[in-house]
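>>> Curious how this folds, go ahead:
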Amino acid sequence: MTYHNLILGISIYLLLWEHLPHWGSWFKRLIAALPGPLQTLYEQWRCPYCVGFWIGLALHAVTGNWLFPAFGQMSADWGLVGAVLGWVFDGLAFAVLNKTGVIAINALSYPALLGMAKKQEMYGDP
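The predicted structure is shown next:
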């Protein structure tokens, strides 16, 4: 199992859906300027599993790395059908691990956010 694409995929998800919307209004204006169907896709792909599948496929296409190299062997054994199934299975596995990674990072960051809120409550905003 290779982790390079998975780490990159989790980072892409966190950046596009959890951080950029809070970094000023420029990103929201950018999303609002998109055509309606793309705005709908962005809103509906907030789920790290749903978008994780597509991020996994895109990263595989760009880097050529398989999350599980065994899926790459399917094309040698089954031909074109195996190649398509290998990509789909790799994308599905990526989606599960992407969602797991996002949940883990959010769980780890929650206590830090509570501590920051209590500090601001005690000492005021910096």
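
>>> residues near residue 95, how many?
When neighbours are defined as other CB atoms under 10 Å, residue 95 has 22 of them. No exception for glycine: its C-beta is placed from N, CA and C like everyone else's.

>>> ok, then the element right after the helix or strand of the chain at the bottom of the mean pLDDT ranking?
Least confident helix or strand, the chain: helix 74-78 with a mean of 81, by mean pLDDT, DSSP states H and E. Scanning forward in sequence from helix 74-78 by DSSP states H and E, the next helix or strand is helix 80-123.

>>> so what does that next one touch, helix or strand wise?
Where contact means 3 or more CB pairs under 8 Å, 6 or more residues apart in numbering; DSSP states H and E, helix 80-123 is packed against helix 4-13, helix 48-63, helix 74-78.

>>> export those helices to TSV and tack on mean neighbour count?
Conversion of the helices and strands packed on helix 80-123 to TSV gives the following (neighbours: other CB atoms under 10 Å):
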stretch	mean neighbour count
helix 4-13	18
helix 48-63	19
helix 74-78	13
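
>>> Least confident of those helices, on average?
Here the lowest mean pLDDT among the helices and strands packed on helix 80-123 goes to helix 74-78, at a mean of 81.

>>> packing partners for that one?
helix 80-123.

>>> Show the average pLDDT along the helix it packs on.
90.

>>> Now do that helix against helix 4-13, angle only.
50 degrees (axes from the mean of the first three to the mean of the last three CA atoms, to 10 degrees).

>>> what's the least confident helix or strand of the chain in contact with?
With CB atoms under 8 Å, 6 or more residues apart in numbering as the test, helix 74-78 has contacts from 82-83, 85-86, 89.

>>> picking up where we left off before, which one of the helices and strands packed on helix 80-123 lies nearest to residue 102?
Smallest distance to residue 102 across these (CB to CB): 4.1 Å, for helix 48-63.

>>> follow-up on the earlier one: need the helices and strands packed on helix 80-123 in TSV with distance to residue 20, can you?
TSV is the format used below for the helices and strands packed on helix 80-123 (distance: least, CB to CB, whole Å):
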stretch	distance to residue 20
helix 4-13	11
helix 48-63	14
helix 74-78	36
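
>>> Next up, the contacts around residue 65.
Going by CB under 8 Å, 6+ apart, the list of residues near residue 65 reads 2, 4-5, 59.
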